[in-house]
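S.K.: Got a predicted model here, sequence first, then my questions.
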Amino acid sequence: MSVGLTPPAAPPLNQPTIRYLSNGLTIVAEQLPVDAVNLNLWFNIGSAVEADDINGMAHFLEHMMFKGTERLKSGEFEQIVEQRGAVANAATSQDYTQYHITMAPQDFGALTPLQMDVVLQPSIADDAFDRERSVILEEIRRADDNPGRRSFYQAMAIACPDMPYSRPVLGTPDIIESLQAEQMRKFHKTWYRPAAMTAVAVGNLPVDQLIETVADSVPESLIAQGADDVDSMPASAAAQALVSSAASRPFADIIRCETVDPALQQARLIMMWRVPSIQQIDETYPLDVLASVLGFGRTARLVQDLREVRSLVSHIRVSNTTYTRQGIFSISARLPEDNLDQVEAAVIDHIHQLQTTPVAPSEIERVCTQVANRYVFANETPTSRSGLYGYYQAMTGSLDAAIHYPQRIRTIDAASLQQTARQYLNPDAYGIVVTRPAPTAVASANG
């Protein structure tokens, strides 16, 4: 029997319209009664599609998008955005790159063509490329100086050893040093096409106007491309391997990685299980709930036991991450080095409990309400809503999960949680990364 709250009889929270253009561009639009509009452009191009010898190209290209086009000088787009009081940003991950701009409704018609020009027709001039290389290298150095990022790299190497997810999104210094502007221009021409793009516009303008403005903003040189153009896009060996590969098999035993990091004052612990990817999205909902049962809020099991009651950790977090070809259920903690063994054992004990003792209906109701409400609360602004639509449309080809996530979560029951814990969270087989502070750091912290 499913346990959850009955949604109130009210109009659906989300009512987006989808339009598919003949050139392959997918447009999602929704009118939202707030005095803003967000345009979010999504491409299924992240570090996972890169060949090994150009690792970091997708992120580097994200930077170069703002260095000018035939129509705009370098930096001119940002100046125009600032003059109109708008806000623009971009991000690159393993699976996607997105570009978004939030603006006043009256500026949508002026700024949308400029954003499309920036993304689809960047100049990528040699001199600008060479100048931006130093910015990328500095970003890599800052990331490598971050203990949390170092632990993350180690965890990904264990969780996805045979997949491009194990490589850093930013690339490595030696590869970035070797990249050439012509390689980037070819990379852009290969991947950045209307047929590979999802454009989302959410805000206080009529839906037809949002769609028409986006459609009319596609550069004339790209309008003639057909919807099947994406199928002819030449793929790198890495992209072909990613598409054809299955997710890594669940751990067969305990894979352990232990290192010492002089920058730490406390130890770090990451425990991981390989779980379904977004391609098996129905399997991810119980895992989302289990992550909250264990780690969201002061009343969550691991937080209450290990931090609030026994004071074994200073911080603990549980997440269920869904990449295109691999999911990772992880538990990470910061803690005194002397507590490492005790905390690992306690986590495994809690996993055993999930497998052997059904979660009480009252706990399921509380947690499912938390998970569903976090989704709803993060769905209130044009920026968050367009990001939600862009992510699911780009990653799954559908808005179904974006619209119905709360309802799916509220159908989770004790049996499905117990079955999911038994199937995917093996207490005898997992990956674990332990990072200890150097002895001098420990002595200094104790002194």
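M.R.: Yep, it's here. Since we're looking at a predicted model, the values are computed, not measured.

S.K.: Can you name the element that comes right after the helix or strand bottoming out on mean pLDDT in the chain?
M.R.: Every helix and strand of the chain was ranked by mean pLDDT, DSSP states H and E. The lowest is helix 237-244, at a mean of 48. Read in the C-terminal direction, the helix or strand following helix 237-244 is strand 255-261, with elements assigned using DSSP states H and E.

S.K.: Look up how far Leu179 lies from the residue nearest in space to the middle of the chain.
M.R.: By C-alpha atoms, centre = their mean, the mean C-alpha position of the chain lies nearest to Ser93, the distance being 6.2 Å. Computed with C-beta to C-beta, to the nearest Å, the distance linking Ser93 and Leu179 is 19 Å. Every residue, glycine included, has its C-beta placed from N, CA and C.

S.K.: Name the nearest residue to the residue nearest to the centre of the chain, ignoring sequence neighbours.
M.R.: Of all residues beyond its chain neighbours, the one nearest Ser93 is Gly46 (5.0 Å), with distances taken as C-beta to C-beta, 6 or more residues apart in numbering.

S.K.: Quick check: longest helix in the protein by residues?
M.R.: Of all the segments assigned as helix in the chain under DSSP state H, the longest by residue count is helix 126-144.

S.K.: So which elements touch that one?
M.R.: In terms of contacts (3 or more C-beta pairs under 8 Å, 6 or more residues apart in numbering; DSSP states H and E), helix 126-144 is packed against helix 57-64, helix 173-178, helix 181-191.

S.K.: now the angle between helix 181-191 and it, please.
M.R.: Note on geometry: by axes from the mean of the first three to the mean of the last three C-alpha atoms, to 10 degrees, helix 126-144 and helix 181-191 are set 80 degrees apart in direction.

S.K.: In helix 126-144, which of the residues would be classed as buried?
M.R.: By neighbour count with 16 or more other C-beta atoms under 10 Å, helix 126-144 contains the buried residues Ala128, Phe129, Glu132, Arg133, Ile136, Leu137, Glu139, Ile140, Ala143.

S.K.: Can you give the contact residues for that helix?
M.R.: Helix 126-144 is touched from outside by 56, 59-60, 63-64, 67-68, 74, 149-150, 168, 170-173, 176-177, 179-181, 184, with contacts defined as C-beta atoms under 8 Å, 6 or more residues apart in numbering.

S.K.: what do you get if the cut-off is 6 Å, keeping everything else the same?
M.R.: When contacts are taken as C-beta atoms under 6 Å, 6 or more residues apart in numbering, the neighbours of helix 126-144 outside the stretch itself are Phe60, His63, Lys67, Ser74, Arg149, Leu170, Pro173, Ile176, Ala181.

S.K.: List buried residues within the residues you listed.
M.R.: Buried members of those, counted by 16+ other C-beta under 10 Å: Phe60, His63, Lys67, Ser74, Leu170, Ile176, Ala181.

S.K.: what's the lowest-pLDDT member of the residues you listed?
M.R.: Among these, Ser74 has the lowest pLDDT, at 90.

S.K.: Go ahead and report the secondary structure state at that residue.
M.R.: Three-state call for Ser74 (DSSP: H, G, I helix; E, B strand; the rest coil): coil.

S.K.: Renumber starting at 269 from here on
M.R.: Noted, 269 is the first residue going forward, which turns the last one into Ser342.

S.K.: Could you report the distance from it to Ala396?
M.R.: For Ser342 relative to Ala396 (C-beta to C-beta), the value is 6 Å.

S.K.: Now do the shared contacts for these two.
M.R.: The overlap between the contact sets of Ser342 and Ala396 (C-beta under 6 Å, 6+ apart) consists of Lys335.

S.K.: Which stretches in the stretch 569-715 of the chain count as helices?
M.R.: Listed in chain order, the helices of the stretch 569-715 of the chain (DSSP state H, counting those that start in this stretch) span residues 569-570, 608-624, 629-645, 650-664, 668-677, 682-692, 707-714.

S.K.: which one of those helices lies closest to Ala535?
M.R.: With C-beta to C-beta, the closest approach to Ala535 among the helices of the stretch 569-715 of the chain belongs to helix 608-624: 5.7 Å.

S.K.: which other helices and strands contact the closest one?
M.R.: Based on contacts counted as 3 or more C-beta pairs under 6 Å, 6 or more residues apart in numbering; DSSP states H and E, the elements that helix 608-624 packs against are helix 682-692.
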